[in-house]
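Peer 1: Requesting a structural model of the entry that follows:
(one chain, ligands or ions: 2)
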Amino acid sequence: MARLGSARTHRDALRFWTRLGTVRLDLIRLGRIAGIGETPQGFVEVDCITESTRDLANSMSKSPQQVLKGKDEDVLFNIPNVGLDATGKTTVTQAVKDALNGILLRSPPACISQWRTVFDDEPTPIKRAFYAAGNYILASEIAKASTQAPVIIDRYWHSTAAYAIATETSGKVQDLPPAQDEVYQWPEDLLKPDLVLLLTVDPEERVRRLQHRGLEKTKEEAELEANSLFRQRVEESYKRMVNPVCQEVDASPSKEEVVKTVLQLIEKHCALKKQLLNCSST
Ligand SMILES: Nc1ncnc2c1ncn2[C@@H]1O[C@H](COP(=O)(O)OP(=O)(O)O)[C@@H](O)[C@H]1O
Ligand SMILES: Nc1ccn([C@@H]2O[C@H](COP(=O)(O)OP(=O)(O)O)[C@@H](O)[C@H]2O)c(=O)n1
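Peer 2: Numbering: from 1, shown residues only. Ligands and ions are numbered 1, 2, ... in the order given. Okay, here's the model as predicted:
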């Protein structure tokens, strides 16, 4: 098993921090930082985390796509929205959830979000591990929720990976790992989404929305604003993600129009999925 700090090369480090199959080890370390106790089994002693990590521990030896998949694949699906800050992810996620009578989840999941400010101030590798661990906890929440209704998600692994890649590299998009590099591949041990939507707006509109939103900026949001090369690296990393790819959505039009486009994409995706399922069952 890979361990914290075991990466030998820069590329190894990138792979390590973006894939992170070592979630249990990291949860324990993160638990220590957040001042949370450990159980005798070595899991962090917090109800939701303990439950989720136990589920994950049980399922990690099998394929996560089999273990964590919702029951009724005919109609149910999980769809994360990703993109730069203030592109409209939260707005679209909420509206799509309402339109589909679905369940809204977000990364990092609610049960660990109270430690976010603590980890945002930690060195980058620790901060990344927090978000990566959050994705694995979220996976088990998605698996449960997707037996009940469509699940719409505000950020997931693609976000963690895109920010990690952009932080661990410097310079222009040409300096990113090449398009086919495995850092852009979905981690094998994490529940896959059905459809990932990448919301994009031009930089000026994004700044307008950021100002309009008026929330206090995180360090990373400030970096995003100040450093256009960093912004380009994040967005390009999203575009290079594969298996599943991010389906790009122009989020510049009105909220109503963007939501309509997203719903059409979901409908198209579901029709395709049903067709495939029908084909494979005949
Ligand atoms: N399509 C849109 N047109 C105009 N303003 C928008 C649109 N979508 C979102 N906004 C506004 O932009 C700001 C950022 O949106 P938000 O959903 O919080 O973005 P994110 O979750 O991506 O950070 C909010 O003030 C929101 O009302
Ligand atoms: N799955 C996730 C979710 C968030 N993040 C981090 O969290 C930051 C943005 O989170 P946020 O939810 O406050 O952003 P908005 O979508 O509200 O703009 C990003 O800059 C990432 O550093 C992550 O790395 N992985």
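Peer 1: can you give me the strands for the chain?
Peer 2: Taking DSSP state E as the test, the strands found in the chain are 78-83, 103-106, 151-154, 196-200, 246-250.
Peer 1: hey, least reliable of the ones you listed by pLDDT?
Peer 2: Of all these, the minimum mean pLDDT falls on strand 78-83 (a mean of 87).
Peer 1: Any chance you could list what contacts that strand?
Peer 2: For strand 78-83, contacts defined as C-beta atoms under 8 Å, 6 or more residues apart in numbering pick out 70, 89, 92-93, 96, 107, 142, 145-146, 150-156, 158-159, 162, 191, 193-200, 235, 238, 246, 251, 266. Yep, even glycine has a C-beta here, placed from its N, CA and C like the rest.
Peer 1: Okay, now the sheet partners of that strand, with direction.
Peer 2: Paired neighbours of strand 78-83 in the sheet (DSSP bridges): strand 151-154 (parallel), strand 196-200 (parallel).
Peer 1: Ok, which of the strands of the chain comes nearest residue 259?
Peer 2: Among the strands of the chain, the nearest to residue 259 by C-beta to C-beta is strand 246-250 (10.1 Å).
Peer 1: For stretch 226-241, give me every contacting residue.
Peer 2: For stretch 226-241, the external contacting residues (C-beta under 8 Å, 6+ apart) are 82-84, 158, 161-163, 165-167, 169-173, 176, 179, 181, 184, 186, 196, 198, 200, 203, 223-224, 246, 248.
Peer 1: returning to that earlier point: intersect the contacts of strand 78-83 with the contacts of ligand 2.
Peer 2: By C-beta under 6 Å from any ligand atom, the members of the contacts of strand 78-83 lying near ligand 2 are 89, 107, 155, 156, 159.
Peer 1: most neighbours, which of those?
Peer 2: Using other C-beta atoms under 10 Å as the neighbour criterion, residue 156 leads the ones next to ligand 2 among the contacts of strand 78-83 with 27 neighbours.
Peer 1: That one and residue 193 touch, don't they?
Peer 2: Yes - at 6.2 Å, residue 156 and residue 193 qualify as touching, with contact defined as C-beta atoms under 8 Å.
Peer 1: Going through the contacts of stretch 226-241, which ones are buried?
Peer 2: 82-84, 158, 161-163, 165-167, 169, 173, 176, 184, 186, 196, 198, 200, 223-224, 246 (16 or more other C-beta atoms under 10 Å).
Peer 1: can you tell me if stretch 257-269 touches ligand 1.
Peer 2: Yes - Stretch 257-269 reaches ligand 1 (C-beta under 6 Å from any ligand atom) through residue 258.
Peer 1: mind listing what's buried in that stretch?
Peer 2: Neighbour counts over stretch 257-269 (16+ other C-beta under 10 Å) mark 258, 259, 261, 262, 266, 269 as buried.
Peer 1: Tabulate those (CSV), appending pLDDT.
Peer 2: Shown next, in CSV, are those (pLDDT from 0 to 100):
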residue, pLDDT
258, 97
259, 96
261, 96
262, 95
266, 92
269, 87
